[in-house]
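A.B. asks: Return atomic coordinates for the entry below.
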Amino acid sequence: MWIAPNVLTLAGFLLVMFGFFFVSFLDYDLDANSNFSSPRAIPNWVWLFISILTFTAHTLDGTDGKQARRTGSSGPTGELCNVSLVRLLCILISVQVVFITTHWEKYNTGILYLSWGYDASQYGLAGFYLLTYFVEYEFYKFYVFKSITFAVCFEAGFYVICITSLVMSIYNMYLSYFVDETGRQSSLYEACLPVFSSAVLFAVSVYWAKYSPSNVIDRDPRIYFWTMGTVFSNIACRLIIAQMTQTRAEPFNFLLCMYCAVAFVSLFGHIRAQTELILLRLLAIGVTLAHLHYGICLVRIFLLFSLAILLCNLKLKHLFSESLTRFFTVVSIKVERWGNF
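C.D. replies: The predicted structure is shown next:
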């Protein structure tokens, strides 16, 4: 009963981020396991470690809501903390599409539909890491058909999931607007507004990766994916805020504008290869700091909101006033003593 739900969420997030940075340290260029018996291959025990981290993190993420209901501390900060932290981990467009369509659906229907597929994917991922620990990474280097490898089939599976998720969300929105007549938006433009920024991000990212003069995605894939994922996280967080406050989604995103500007200069600015890489890394730093600043400002707003609720309760207000008075009394005494020196 004494553990705050958001502590569980944050702990799960930190476990996943630790695993991400740990694997990034061992294989920054995403090529350590490219060849058979590579001397730079990721140690086998790492996959067992990552499997444990993934399983534990998802377990914590799945119990924070139950803990909130158990302790009577459910609120908007929990939803914001839960889903916004997860968004920072979305570095693949296939995963981003599933997340953004789910919240696009909620923006229009008012219902957040999370199927069992999310839990299955997380447990499946942990099991996949565990299997790799037992069979080693060379096990997956085989051809399913004549010229189609297992990796290609695995990639195709992500595309199928994206299409299925998109179709189901569109179907649920169709039911909401034309069958139940509970849709929240007044026009097709307003209904599609939340996906504009994400669609632009996906299109620019794919075009930049394919036509980059210096092939920047191969030169520093980690930074490229991190930058795109951070911009997407900011877009998703702002959409979540619009849902929670029942306000209009933002048609443009400042971080997306920065991202598109750097991509445009890289593609059409006739700059050197090293300059493009420097611009990408500076962009990564900029969007990360901007996203953290946005998150800190949100926390301040919700703290003030929670404080306002606290002060509207007479009993809690009395306790809060006494505690605040004692605090400032102690501070004033210490300041007075310090001034006497």
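
A.B. asks: Now Thr149: phi and psi?
C.D. replies: phi -80, psi 170 (degrees, to the nearest 10).

A.B. asks: Without its sequence neighbours, what residue ends up closest to it?
C.D. replies: Leaving aside its sequence neighbours, Thr149 sits nearest to Tyr143 (C-beta to C-beta, 6 or more residues apart in numbering; 5.6 Å). To be clear about C-beta, it is placed using only N, CA and C from the backbone, and glycine gets the same treatment.

A.B. asks: likewise Met173?
C.D. replies: Asn108 (4.9 Å).

A.B. asks: wait, doesn't the one you found sit right on Cys192?
C.D. replies: No: if you go by C-beta atoms under 8 Å, Asn108 and Cys192 don't touch, sitting 9.1 Å apart.

A.B. asks: who's more crowded, these two?
C.D. replies: For Asn108 versus Cys192, the count of surrounding residues by other C-beta atoms under 10 Å is larger for Asn108: 24 against 14.

A.B. asks: Surely that one is within a helix?
C.D. replies: Yes: counting by DSSP: H, G, I helix; E, B strand; the rest coil, Asn108 is found in a helix.

A.B. asks: Spit out the contact partners of it.
C.D. replies: Residues in contact with Asn108, defined by C-beta atoms under 8 Å, 6 or more residues apart in numbering, are Met173, Ser176, Tyr177, Gly183, Arg184, Gln185, Ala191.

A.B. asks: State the distance from Leu255 to Leu283.
C.D. replies: According to C-beta to C-beta, to the nearest Å, Leu255 stands 9 Å off from Leu283.

A.B. asks: How about Cys192?
C.D. replies: According to C-beta to C-beta, Cys192 stands 27 Å off from Leu283.

A.B. asks: How about Leu14?
C.D. replies: 25 Å.

A.B. asks: okay, those two: which has more neighbours?
C.D. replies: The residue with more neighbours, out of Leu14 and Leu283, is Leu283; 22 against 14, by other C-beta under 10 Å.
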